[in-house]
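> Mind folding the following:
(2 chains)
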Amino acid sequence: MEPFSKVTSKITPFDKANVDTDQIIPKQFLKLITKSGFGKFLFYDWRFDQNGNPKNDFVLNNPVYQNSQILVTNENFGCGSSREHAVWALKDFGFRVIIAPSFADIFFSNCFKNGVLPIILDVTQVEKLLKVQDSVELDLNSQKITFGNESITFEIDSHRKTRLLEGLDDIDLTLKENKNIENFENNSNIIPIF
Amino acid sequence: MTETLFEKIWNSHVVVERENEPSLIYIDRHLVHEVTSPQAFDGLRLNNRKVRRPDLTIATIDHNVPTTDRSLPMIDETSSTQIKTLEQNCKDFGIKLFGINDPNQGIVHVIGPQLGITLPGSTIVCGDSHTSTQGAFGAFAFGIGTSEVEHTLATQTLWLEKPKTFEILANGQRKNSFAVTSKDIILSIIKKIGTDGGTGHVLEYRGNAISDLSMEQRMTICNMSIEAGSRAGLIAPDSKTFDYINNREYTPENYDNLVDTWKENLMSDPNSKFDKSFTINVEKIEPQVSWGTNPAMVSDVTGTIPTPEDYGKNNEIQVESAKKALAYMNLEPETPIVEIPIDRVFIGSCTNARLEDLKDAAEIVKGKKVNSNVNAMVVPGSQMVKHEAEKLGLDKIFKDANFEWRESGCSMCLGMNPDILKPGERCASTSNRNFEGRQGSGGRTHLVSPVMAAASAISGHFVDVREWC
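Numbers count the residues shown, from 1 in each chain, chains lettered A, B, ... in the order given. Coordinates of the predicted model:
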């Protein structure tokens, strides 16, 4: 996985609560068997009208935010299904960072597996960021978001931070624990299906 | 030190535990389906990895399958590709597949319990958020993303942060236990604690109103834990649990000994501490109908559509959500729920498509006809449910009333197959999510119980089903 360090980008303000995975990537687009190519379907029902034409009043269609890598949104982002396609779509579209006051659990964990950084900030900080129009600089190492003369510090689990910074593959790391897994298997009552 | 049921299961599955790091947890059962697995198998292939424990893994096809005659060729090419991909992956990696024409095919969370694969005290994962259903057996069962599917296939473990615990205590007796169902209990709970009330927590449902429920009713409760934000919800196993699993196709050989151990261990210790607690008395619960676009936007059937201000109280974000939901649902505040006309009825999904659900719905439908303005369908949760229902003649009752009687699958719960709502159509659905566009772009979903769905199909609008039985 590509290592994550700094992102300098405009913020896409997306002031909605309870955005569910069915909205992020509607189910009719889940049928690909690859991880790429989902970006063009991101927020499909909000981005396009019934004839497939972009809706001008939808924020992601605003050319100002075209190359934005940071999405700032509201409470309980990513609720609903476990589909990782939601993260693949956001990443494929160009987002590397999602900031909200809270996230749904499965979505939050899916982000880290794909090199996307979800950041939890309190509501007042989120509201402040929703209004920032200039580019901001986000540095994972120092856990800081800087804009103008201000900066905001964010929390991240140290384990997850290291994995993002180094772009480590989870499975490789786990296979190093093979002895422990074998020990567990030999000493537990695991009941095979067949 | 006292432990909750969840903590006991967690502690007995820890492979690696280090301070300030997630724990490596062993997985006893991995269920695989066609939509969230292709990229995982692809990852294994690219890295030349094998499936560590095919003997703890099964697969089925449920999300995409047509529910019409399966001897006909599939019209949707991409669905067909996904299905063929799973068939090939299972062959290449040695995984047992209950394929499209297998008598054990069905919705993954319906077939696990039916085949005796879902066991108390175990850890169960599947690339689907409604895996929480299987927590009804006293298991730690939760949905995972595709990266975690790949990780489980390769290592039979997952790195997890230990969730907190949340006790949901349900006491009292339902006033009419046929018309007020476990679906109404769980919708009432979500209405109170909200769609993120359980985030970061595992729910444990306790109390006499839970132990009174049958296993199938308990599954409906645990199924919707995720709609309250909890990856998992569970119920301590009892004699109903042990009887349900006994004599199934894959019930373990030394079953009686296992039951003895489970009986001794699988419950929260007296006085064990939960991080959060919520109590509900089921006596006052009425049949529920959702009116909005998330599963906390729910009303009593005798109630009315709330005003956004009443719903949101002083929370501006909630008021805005309710306004948006009402616009999408095309509903006016203060409309009585029973005056809302419907176009479609869907009885199905991993929430409510087991044999008891169909039996109860048939009881309402028997000898009546679906309203001429309504198109209604029944989609059994599995081929086994379908077969058992047909043995009881339920298919005939539904067909005589002009319901469509279909093959098993996820169907119109999420509309990945051809079963979808048209824009603007309003549906009484026994499924779990009323999100915008969930059942079809522009479709409007009202979540209800199977008996409510059945009675509404006959009336053409919602009704107080308590008056019917």
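> Sketch out the low-pLDDT regions of chain A for me.
Within chain A, no stretch falls below the threshold (pLDDT under 70).
> Pull out the buried positions in stretch B:14-29.
B:15-16, B:22-29 (16 or more other C-beta atoms under 10 Å in any protein chain shown). For glycine as for every other residue, the C-beta is placed from the backbone atoms N, C-alpha and C.
> So which of those residues belong to strands?
If you go by DSSP state E, these have B:15-16, B:23-26, B:29 in strands.
> quick one: which two of those are the most distant?
Largest separation among those by C-beta to C-beta: B:16 and B:29, giving 20.2 Å.
> State the helix or strand in which residue 162 lies.
All of this is about chain A. helix A:158-166 (DSSP states H and E).
> Which neighbouring elements make contact with the very next helix or strand once past that helix?
Tracing the chain past helix A:158-166, the next element assigned as helix or strand by DSSP H and E is helix A:170-175. In terms of contacts (3 or more C-beta pairs under 8 Å, 6 or more residues apart in numbering or on different chains; DSSP states H and E), helix A:170-175 is packed against helix B:146-155, strand B:157-160.
> I would like the residues contacting the helix or strand just after helix A:170-175, please.
Sequence-wise, the next helix or strand downstream of helix A:170-175 (DSSP H and E) is helix A:178-187. With contact meaning C-beta atoms under 8 Å, 6 or more residues apart in numbering or on different chains, helix A:178-187 is reached by A:174, B:15-16, B:24, B:26, B:155-157.
> Chain A contacts on the stretch 201-350 of chain B?
B:229-231, B:250, B:252, B:258, B:294, B:317-318, B:320-321 (C-beta under 8 Å from any C-beta of the partner chain).
> Give me the lowest-pLDDT entry from those.
Among those, residue B:317 has the lowest pLDDT, at 87.
> Spit out the contact partners of residue 166.
In the absence of a named chain, this looks at chain A. residue A:3.
> Let me rephrase: I mean chain B.
Under the criterion of C-beta under 8 Å, 6+ apart, the neighbours of residue B:166 are B:198, B:201-204, B:230, B:274-278.
> Now list the buried members of those.
B:198, B:201-204, B:230, B:274, B:278.
> Chain A next: which of the buried residues of stretch B:14-29 are close?
Answer for the buried residues of stretch B:14-29 near chain A (C-beta under 8 Å from any C-beta): B:15-16, B:22, B:24, B:26, B:28-29.
> Tell me where chain A has helices.
A:21-24, A:44-47, A:85-93, A:105-113, A:123-130, A:158-166, A:170-175, A:178-187 (DSSP state H).
> Assess the claim that residue B:272 and residue B:6 are in contact.
No. Contact between residue B:272 and residue B:6 fails when scored by C-beta atoms under 8 Å: they sit 9.8 Å apart.
> Pick out whichever of those two has more residues nearby.
residue B:6 (26 against 18; other C-beta atoms under 10 Å in any protein chain shown).
> Please give me every residue in contact with that one.
Neighbouring residues of residue B:6 by C-beta under 8 Å, 6+ apart: B:140, B:163, B:165, B:202, B:204, B:232, B:234.
> Dump those residues into a markdown table; add secondary structure, distance to residue A:11 and pLDDT as well.
Shown next, in a markdown table, are these (DSSP: H, G, I helix; E, B strand; the rest coil; distance: C-beta to C-beta, whole Å; pLDDT from 0 to 100):
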| residue | secondary structure | distance to residue A:11 | pLDDT |
| --- | --- | --- | --- |
| B:140 | strand | 38 | 98 |
| B:163 | coil | 31 | 98 |
| B:165 | strand | 36 | 98 |
| B:202 | strand | 34 | 98 |
| B:204 | strand | 40 | 98 |
| B:232 | strand | 34 | 98 |
| B:234 | strand | 40 | 98 |
